[in-house]
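# Got a predicted model here, sequence first, then my questions.
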Amino acid sequence: MPDDPVTDAPLDDAQPLRPVDVVLAGHRGDVATARRGFASLDPAAREVAIGALDRLGALDEGALVQALSDDTPAVRRRACDIAATFDGTDELRRSLSASLHDDDALVVEAACWALGEQRTADAIPALSHVARSHADIRAREAAVAALGAIGEPAGLGAVLDALGDKPTVRRRAVVALAAFEGEEVTAALERAAADRDWQVREVAEILRDQ
């Protein structure tokens, strides 16, 4: 059987760099090609390079912060995804918090998730603002989920307010209430147990009975 030209052909500097080359580099231990991808003018190559470098253990915080401000939304979204589990410093978390103001709603959604995974309490005011006022429902959902993941009392107000939002946001909010305690939470669960949406009611009833 002839060699597969995609998987077996060696890559040298004379060949144009394709996104698939960068992806394969991440599985072959080819750090040099992954770094070429990160520096590429092709946004698709930069996007997959972040994952390739992360897989190879060659992604540093400076590169990840740089990717969070890339010109292309898909690159910024991928950087947020990687940042969710990256062992970074406050600089990375500040960059993620700045991403909550991104013009692309999916970047905001990804940044919310990453901040929740990082348990970034300093982002609670910005996350609360997204939960209450972002125009995109996906961003509001993600912000509410992040506030629940962080679980600090300062985030409770925005979670309670989200119980008056669209059904999908209310579902996120009632799940997020599991992270909080107090009379306000108990009263909110009582109200949610009578919600128009059956999924909101179901979760509220489960949490009430615990």
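Received, thanks. Because the structure is predicted, anything quoted here is derived from the model rather than measured. Residues are numbered from 1 along each chain as shown.
# Residue 152 against residue 124, yeah?
Yes. Because the distance of 6.0 Å satisfies CB atoms under 8 Å, residue 152 is recorded as touching residue 124. The C-beta positions use only the backbone N, C-alpha and C, and glycine is treated the same way.
# Neighbour count: these two, which is higher?
For residue 152 and residue 124, the more surrounded residue by other CB atoms under 10 Å is residue 124, and the numbers stand at 21 against 12.
# Quick test: name the residue nearest the centre of the protein.
The geometric centre of the chain, computed from its C-alpha atoms, lies nearest to residue 110 (CA atoms, centre = their mean), at 2.7 Å.
# can you tell me which residues contact residue 17?
11, 33, 36-37, 40, 42, 45 (CB atoms under 8 Å, 6 or more residues apart in numbering).
# Please report how far it lies from residue 90.
34 Å (CB to CB, to the nearest Å).
# Reformat the contacts of residue 17 as JSON lines; add pLDDT and distance to residue 76.
Below are these laid out as JSON lines (pLDDT from 0 to 100; distance: CB to CB, whole Å):
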{"residue": "11", "pLDDT": "50", "distance to residue 76": "27"}
{"residue": "33", "pLDDT": "97", "distance to residue 76": "22"}
{"residue": "36", "pLDDT": "96", "distance to residue 76": "20"}
{"residue": "37", "pLDDT": "97", "distance to residue 76": "16"}
{"residue": "40", "pLDDT": "95", "distance to residue 76": "16"}
{"residue": "42", "pLDDT": "96", "distance to residue 76": "16"}
{"residue": "45", "pLDDT": "97", "distance to residue 76": "15"}
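# If you rank those residues by neighbours, which is first?
residue 37 (28 neighbours).
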